[in-house]
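J.: Got a predicted structure here, sequence first:
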Amino acid sequence: MELPKVGLTYTQERLGISAVQAYAASAGQIWRETDTGDVGIDGQLEFVNESSFATGRTIAVQVKSGPSFFKHDAGDAFRFYPEEKHRHYWEGFPLPVLLIIHDPLSGRSYWTDARQDLRSPSKDGDAYISIPKANLLQETPPRLLFENAGVTDQSFIADLAEVMQALLATRSAEQSFPLSYFDLYVQGLTSICRSIYYGMDVVVNAVEFNLAAVKAECGIGMGEKEQDFIFGFVKFLVAQNLAQVDYADCMIDWIDRQMQPTFVAPLTFRGRELVALIHREEQRLIESGALADDGGLHVAQEGFFEMLPNSYYRRLPRIRQFQEIMGERTKK
């Protein structure tokens, strides 16, 4: 009598999944395996912070296990060649997609964020996803795995009044760069204070005003220290859950393109509550006589922004001509 035979592929797959389960258990993270409908995602990991609170910050996981996934050795990394369907699926997935390759013989697993790799402008045209050998899963701190999901090195502040105080107190230490996180928060408010705009124009305008306000003899100075400081504000927005920032996209600008991101992000309920708190504090100062009542002018109030016409106006005739030519070709 012949019985069903369990193939090597199944065994290798389960060893890979078990490695992720073991990592999650040892690191105190939550692992949820996909029970049905696995078409490119084996499960999800949810970040649990140092205080053992589940945060809701989640990443998708795809595990590939077996020696065949290690044959493309590029020295400091392994190259994984996904099928075209998986490239599109992972790139468009709403969560970061952790691609893990597992070696059943050594028990070692290596990882990368496949979605981030596929979205990176520096990887345009590459048929492979690069998995660094330095990214050994068993030695990776959980925060690093969840970075593109918005887990930063900043701690969450539960009390909203303390969040406002942190905005006020977090200031650049450089005399040629007088700026606070409070400047960036209230000056970036837009869309009836339902969203926040972040860009270098807001930064420069705030710094130049502050320099003029104190009649500084020096001009604006900006180096690596200042760049780190202002990107810290983006981390602050994410860490305090003040705005729905696409942090993974910000990281492409910050890491791959080595520039500050530009974005408009909707405020969360907490972010809007912070605006309301600032309004109440402003009213309290008015009533005490510490701050003048300036009618409809408020500390936290929307500002307007637009694309500068001189940056694209010269292209308008060309855009129109392009459409006309393509329209004629379509008719033929």
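T.: Received, thanks.
J.: Select the longest strand from the protein.
T.: Counting by DSSP state E, the longest strand found in the chain is strand 54-65.
J.: Can you name every helix or strand that it contacts?
T.: Counting contacts by 3 or more C-beta pairs under 8 Å, 6 or more residues apart in numbering; DSSP states H and E, strand 54-65 packs against helix 8-27, strand 43-48, strand 97-103. The way it works is simple: take the backbone N, C-alpha and C, and place the C-beta from them, glycine included.
J.: Quick one: name whatever helix or strand follows it.
T.: Helices and strands here follow DSSP states H and E; after strand 54-65, the next one along the chain is strand 77-80.
J.: Please name every helix or strand in contact with that following strand.
T.: Applying 3+ C-beta pairs under 8 Å, 6+ apart, we find strand 77-80 packed against strand 97-103, strand 129-132.
J.: Please work out which of the ones you listed is packed deepest.
T.: Stretch with highest mean neighbour count among the helices and strands packed on strand 77-80: strand 97-103 (a mean of 24; mean count of other C-beta atoms under 10 Å).
J.: Give me the contacts around that one.
T.: Strand 97-103 has contacts (C-beta atoms under 8 Å, 6 or more residues apart in numbering) with 15-16, 19-20, 41, 45, 59-67, 69-70, 78, 80, 90, 108-115, 129, 131, 137, 145.
J.: List buried members of these by neighbour count.
T.: Applying 16 or more other C-beta atoms under 10 Å to the contacts of strand 97-103, the neighbour count classes 15-16, 19-20, 41, 45, 59-66, 69-70, 78, 80, 90, 108-115, 129, 131, 137, 145 as buried.
J.: What ranges does the stretch 151-300 of the chain have for its strands?
T.: According to DSSP state E, counting those that start in this stretch, the stretch 151-300 of the chain carries its strands in the segments 189-190, 195-198, 263-266.
J.: dump the residue contacts of residue 64.
T.: 16, 80, 99, 100, 101, 102.
J.: And for residue 74?
T.: Residue 74 touches residue 130, counting by C-beta under 8 Å, 6+ apart.
J.: go on, the one 5 residues further on?
T.: Under the criterion of C-beta under 8 Å, 6+ apart, the neighbours of residue 79 are 72, 73, 128, 129, 130, 131.
J.: What is the neighbour count of the second one?
T.: Residue 73 sits with 10 neighbouring residues when counted by other C-beta atoms under 10 Å.
J.: and it, what pLDDT?
T.: Per-residue pLDDT puts residue 73 at 94.
J.: Can you give me the distance of the residue nearest to it when sequence neighbours are not counted to residue 115?
T.: For residue 73, ignoring the flanking residues on the chain, the nearest one in space by C-beta to C-beta, 6 or more residues apart in numbering is residue 79 at 7.9 Å. Distance of residue 79 to residue 115, computed by C-beta to C-beta, to the nearest Å: 17 Å.
J.: Give me the neighbour count for the residue nearest to residue 184 when sequence neighbours are not counted.
T.: Using C-beta to C-beta, 6+ apart and skipping residues adjacent in sequence, the residue nearest residue 184 is residue 233, 4.9 Å away. Neighbourhood size, residue 233 [other C-beta under 10 Å]: 22.
J.: try residue 289
T.: 8.
J.: ok, back up a step: give the contact list for the residue nearest to residue 184.
T.: Counted by C-beta under 8 Å, 6+ apart, residue 233 has contacts 170, 181, 184, 185, 198.
J.: quick one on the thing from earlier: pLDDT and distance to residue 153 for the contacts of residue 64 - can I get that in a markdown table?
T.: Converted to a markdown table, the contacts of residue 64 look like this (pLDDT from 0 to 100; distance: C-beta to C-beta, whole Å):
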| residue | pLDDT | distance to residue 153 |
| --- | --- | --- |
| 16 | 94 | 30 |
| 80 | 96 | 29 |
| 99 | 98 | 24 |
| 100 | 97 | 23 |
| 101 | 97 | 27 |
| 102 | 97 | 28 |
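J.: which pair in the residues you listed spans the largest distance?
T.: Distance extremes for the contacts of residue 64: the farthest pair is 16 and 80 at 13.3 Å, using C-beta to C-beta.
J.: All set, thanks.
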